[in-house]
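A.B. asks: the following block contains a protein sequence and its predicted model.
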Amino acid sequence: MLGLRDCTLALLISGLAAPLQADLKIRVQESFGRGGTTSLVYYCKEHFCRTESPGGREYMIVDWVNSRSISVDAALRQYLVHTPTRKPEAADSAETVVVEIETRDRGEQRQMFGHAARRFITTERRHIEYRDRPPSDITEIVTDGWYLDIPGQFPTLSRVGSVFVLAASSGRPGQPAIPKVKVSRSGPAPKGLAVWEQSGDNLLEVTEFSEAALDPRLFKVPADFHRLVHPLPGESLSWIDQLIYYWQEIEDWFGHL
């Protein structure tokens, strides 16, 4: 189900932190050189954002006011709700991810989707510093992008300036798994919605952009869908969710007899 256990990822990487000034529907296509293409549709209204896979079978709703995400499998008529309660783990001082971001405004403008768009070139350099050995080699990513010059905050379609730290749990309670992250920036950061970005062989582009009013029902789970409970590590459950979770365990146990 849509990577349901990872649904809070949207809460961590999306830039939508305040109500939008207009409804938005955005279709995004990303190409990976010889690795094929992917496509997603975003629907945004006020403090809600829905991310939908092709065909609409699976989708995720993020509610920023209530700090929760809902992952839905329409084919199975099931959904999960997650409200992150886990406290951030202490950073591991043995490693530091160093990110240097340099941005240049090319001074170029064009009309895209009925709005003015501006072009920025961003060079991002990364390496890892270790406590007990020499630092890693520096990797450099150059991104050429166009950004709509419109007010408001938007889903983070852009990969510019995003720092993803993948940490594997060691299984030992209390052991830090997340390294420190140190980011420095120079130059004007791109603002607005990323509608076209190329980094090497990877290309991200918005292929559909609409500001027409959206149906509020897009951001609600149908009443006849069945709710499941699969808590994330460290996530606290309400007493109602605990009852649902325990009942699921009983049903699974009888189902395997």
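C.D. replies: That came through fine.
A.B. asks: OK, contacts around residue 136?
C.D. replies: Contact analysis of residue 136 by C-beta atoms under 8 Å, 6 or more residues apart in numbering lists 127-128, 130. C-beta here means a position set from N, CA and C on the backbone, and glycine is covered the same way.
A.B. asks: how does this structure divide into domains?
C.D. replies: Per automatic domain parsing, the domain ranges recorded for the chain read 4-86+214-255, 91-194.
A.B. asks: closest to residue 144 among the contacts of residue 136?
C.D. replies: Residue 144 lies nearest to residue 127 out of these, by C-beta to C-beta, at 22.5 Å.
A.B. asks: between the contacts of residue 136, which is nearest residue 119?
C.D. replies: Closest to residue 119, out of all of these and judged by C-beta to C-beta, is residue 127, at 27.5 Å.
A.B. asks: from residue 124, how far off is the closest residue to that closest one other than its chain neighbours?
C.D. replies: Leaving out its chain neighbours, the residue that sits closest to residue 127 by C-beta to C-beta, 6 or more residues apart in numbering is residue 138, at 4.6 Å. Separation of residue 138 from residue 124 (C-beta to C-beta, to the nearest Å): 11 Å.
A.B. asks: and the nearest residue to residue 142 once chain neighbours are set aside, backbone torsions?
C.D. replies: Setting aside the residues directly before and after it, residue 142 is nearest to residue 123 in space (C-beta to C-beta, 6+ apart), at 5.2 Å. Here is the backbone geometry of residue 123 (degrees, to the nearest 10): phi -110, psi 120.
A.B. asks: run through the residues that contact residue 123.
C.D. replies: Counted by C-beta under 8 Å, 6+ apart, residue 123 has contacts 101-103, 140-143.
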